[in-house]
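**Student:** build me a model:
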Amino acid sequence: MPSSPHYTVTSSMKVMDVGQGIVIFSLTGDISAALEQELSGLLDQAGKGTNILDFQAATSLDNTALSMLVRLHNSTRHGGQRLFAAGLSGRMLDVFRLARLDEGIPCYGDIATALRKAGYSGQPPQELLRKSPPVDNAADSPWAEPVSRLSVKPMPGEAVNLNVGGRRVAGPMQGFGQLWQKTYRISLPGNISPEQAISTLKENFTKYQPPANRFFPPPEGISPGEVILINADTPGGLVVTGVMVLYAGPESFTFITPQGHPEAGWVTFSAFKDNGFTTVQIEGLARAGDPVYELAFRIAGSRLQQSIWMNVLQSMLKHLNVDGQVQVTPVRLDTRLQWNRLFNLFLNAQILTMLYTPALIYRKLFNR
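**Tutor:** A predicted model of the protein is given here:
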């Protein structure tokens, strides 16, 4: 064990090797996916052991950070490393729990506890012990409020409410199948700002869907914490499910799926400037929810999903009277199946919808 910690300081973090196979990454400022390349390289250099992400000096966490953390968790887990989070409180801790990141990345309130759980036998470096409370901007947060179970507001009569209310959300760590990141992009003229692009997408989201994919948002629209019902016709039959708006800001918003949804994960819609143009992007990070869905995705579901998001962006281009092509980039991040999630099958929305369909037909026929 070194007599004193070894430091590496960068513009966005301080890296401290405290010995005993434990490295602490003290993050500062706004945490987003912009840190990923640097952080991933430093994690690779750390080698096998326990890596602790210290959020004490972090001021905010945006929705792109969610996918970054899942990717880091995936790579460190398969690389023989452990990944912890420490110093989380307020809204950032709520986000970890709401997105269920804490089920893959253990979260601790302070560095001393994280070090103890990692097996550290020495005294925590004094400079890492919190001296002032963290910044917490909960009042104007774009994140949904923490909930343990989803609840659905009254919806139009044609919207079937099934497989959503009472369910927990399920992120990529709670899925069964291979982990995929699928990105869809279009380019808009530079006179359309990212804020205008996202506003247009929010306002017309249901209109941009293909006819078989019916979205039913509440009157509040795409706002943090709102639940949107989905009634979709698929080759396998009707699927009644939904999503929750996990994050909604002026330049991006994120949906997270409930248990039983075909995928376990989230999809983020964003817009940003790129070489003078405004790029609109849809990025999904998810695993198939259970073995039946995994098989369905391998046969046809993946192509069906791709056609849905391509339709959304093509409809946006048409609505804005802009020529362009949708660029699609699928990346398989993990080929392994999570067999500990096998029993997700019992909440499969497609199977439960099939069982419910006779009752639905009866209600429509007899107006009950």
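**Student:** residue ranges with poor pLDDT in the stretch 101-250 of the chain?
**Tutor:** Where the stretch 101-250 of the chain drops to pLDDT under 70, the residues are 130-139.
**Student:** what segments of it are strands?
**Tutor:** 107-108, 169-170, 179-188, 213-216, 227-234, 237-248 (DSSP state E, counting those that start in this stretch).
**Student:** quick one: strands adjacent to the helix or strand encompassing Leu53?
**Tutor:** Using DSSP states H and E, Leu53 sits in strand 50-61. The pairing partners recorded for strand 50-61 under DSSP bridges are strand 22-31 (parallel), strand 82-86 (parallel).
**Student:** and it, how far out from the chain's middle?
**Tutor:** 18 Å (C-alpha atoms, centre = their mean, to the nearest Å).
**Student:** contacts for that strand?
**Tutor:** 21-32, 43, 76, 81-88, 91-92, 95, 105, 111, 114-115, 118-119, 128, 130, 134-135, 137 (C-beta atoms under 8 Å, 6 or more residues apart in numbering). C-beta here means a position set from N, CA and C on the backbone, and glycine is covered the same way.
**Student:** so which residues of this structure form helices?
**Tutor:** Applying DSSP state H to the chain gives helices spanning 36-46, 63-78, 90-98, 111-117, 194-203, 291-296, 302-319, 349-366.
**Student:** buried residues, the second one. List them.
**Tutor:** Along helix 63-78, the positions that meet the burial threshold by neighbour count (16 or more other C-beta atoms under 10 Å) are 63-76.
**Student:** how about the first one?
**Tutor:** Of the residues in helix 36-46, those scored as buried under the neighbour-count criterion (16+ other C-beta under 10 Å) are 36, 39, 42-43, 46.
**Student:** still on that earlier bit, export the buried residues of helix 63-78 to CSV and append columns for distance to Ala264 and pLDDT.
**Tutor:** Listed next are the buried residues of helix 63-78 as CSV, based on distance: C-beta to C-beta, whole Å; pLDDT from 0 to 100:
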residue, distance to Ala264, pLDDT
Asn63, 17, 95
Thr64, 19, 95
Ala65, 19, 95
Leu66, 13, 96
Ser67, 14, 97
Met68, 18, 97
Leu69, 16, 97
Val70, 11, 97
Arg71, 15, 97
Leu72, 18, 96
His73, 14, 96
Asn74, 14, 95
Ser75, 19, 94
Thr76, 20, 94
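**Student:** go through those residues and name the one nearest Val227.
**Tutor:** Asn63 (17.4 Å; C-beta to C-beta).
**Student:** grab the most central residue of the protein for me.
**Tutor:** The chain has Trp266 as the residue nearest its centroid, 3.9 Å off, counting by C-alpha atoms, centre = their mean.
**Student:** wait, that one touches Arg287, no?
**Tutor:** No. Trp266 lies out of contact with Arg287 (C-beta atoms under 8 Å); the separation is 11.3 Å.
**Student:** which residues do these two both contact?
**Tutor:** Joint contacts of Trp266 and Arg287 (C-beta under 8 Å, 6+ apart) are Pro172.
**Student:** who wins for proximity to Ala159 among the helices of the chain?
**Tutor:** helix 349-366 (11.8 Å).
**Student:** re earlier: how near is the residue nearest to the centre of the chain to Leu129?
**Tutor:** 34 Å (C-beta to C-beta, to the nearest Å).
**Student:** and for Leu150?
**Tutor:** Relative to Leu129, and taking C-beta to C-beta, Leu150 is found at 38 Å.
**Student:** again, but for Phe346
**Tutor:** Counting by C-beta to C-beta - Phe346 and Leu129 are separated by 45 Å.
**Student:** do the same with Pro211
**Tutor:** Distance, Pro211 to Leu129, using C-beta to C-beta: 58 Å.
**Student:** which of these two has more residues huddled nearby?
**Tutor:** Leu129 (11 against 7; other C-beta atoms under 10 Å).
**Student:** can you check the pLDDT for Ala46?
**Tutor:** Ala46 carries a pLDDT value of 85.
**Student:** still on that earlier bit, okay if I get the helices of the chain as TSV plus distance to Ile256?
**Tutor:** Putting the helices of the chain into TSV (distance: least, C-beta to C-beta, whole Å) gives the following:
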stretch	distance to Ile256
helix 36-46	20
helix 63-78	9
helix 90-98	8
helix 111-117	26
helix 194-203	17
helix 291-296	16
helix 302-319	16
helix 349-366	15
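**Student:** quick one, what contacts the nearest residue to Ser12 once chain neighbours are set aside?
**Tutor:** In space, and not counting its chain neighbours, Ser12 is closest to Leu35: 5.8 Å by C-beta to C-beta, 6 or more residues apart in numbering. Applying C-beta under 8 Å, 6+ apart to Leu35 gives the contacts 12-13, 27, 65, 68.
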